[in-house]
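> dropping a prediction and its sequence here:
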Amino acid sequence: MNDRDAERVISLLEQIRDNQKLQLERQTEALDRQSELLARQRQHVETLSKQAAQAQAIQDRAELIQAKSAQVVGGARTMLLFVVPLALLVLVFVCWLAFGRVLR
């Protein structure tokens, strides 16, 4: 092996070393980008879980309101069944009294 071959080997080894450094730098950058993306994904998941919790709370509240509404409607129906016939009876009675006095 002569000096020219030795210089060529040294040059090749230096290029390999430089390429390995460049590759390590790029891998480091890629890992940094992955870390940033992972942090964003975690924030996104956290935001989604908060929104899901809020949606569940709204859903629970809506179910309570619907249950109360059903109770009110049921009470109104029951009241309607008793109040309307009673009001008609009172109206008939008042008319009977009024016409009874007019006809006398």
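Perfect, I can see it now. Numbers count the residues shown, from 1 in each chain.
> from here on, just use CA atoms for contacts and neighbour counts.
Fine.
> okay, stretch 29-37 in PDB with CA atoms only?
Output of stretch 29-37 as PDB, limited to C-alpha atoms (Å, rounded to 0.1, in the frame of the first residue of the first chain):
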ATOM      1  CA  GLU A  29     -33.800  16.500  14.100                       C
ATOM      2  CA  ALA A  30     -36.300  13.700  13.200                       C
ATOM      3  CA  LEU A  31     -36.500  12.700  16.900                       C
ATOM      4  CA  ASP A  32     -37.100  16.400  17.900                       C
ATOM      5  CA  ARG A  33     -39.900  16.600  15.300                       C
ATOM      6  CA  GLN A  34     -41.400  13.400  16.500                       C
ATOM      7  CA  SER A  35     -41.300  14.700  20.100                       C
ATOM      8  CA  GLU A  36     -43.100  17.900  19.000                       C
ATOM      9  CA  LEU A  37     -45.700  15.900  17.100                       C
END
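> what segments of the chain are helices?
3-103 (DSSP state H).
> low-confidence regions, it specifically.
Scanning the chain for pLDDT under 70 picks out 102-104.
> try it again at 80.
Counting by pLDDT under 80, the ranges of the chain that qualify are 1, 100-104.
> and A76, how many neighbours does it have?
A count of nearby residues for A76, using other C-alpha atoms under 10 Å, gives 13.
> likewise for the one 4 residues further on?
Neighbour count for L80, taken as other C-alpha under 10 Å: 12.
> what's the spacing between it and I65?
In this view, L80 and I65 are 22 Å apart by C-alpha to C-alpha, to the nearest Å.
> go on, W96?
In terms of C-alpha to C-alpha, W96 sits 45 Å off from I65.
> same thing with K21?
66 Å.
> just A52 next, same as before
To I65, A52 is 20 Å away according to C-alpha to C-alpha.
> check L97 too.
Relative to I65, L97 is positioned 46 Å away (C-alpha to C-alpha).
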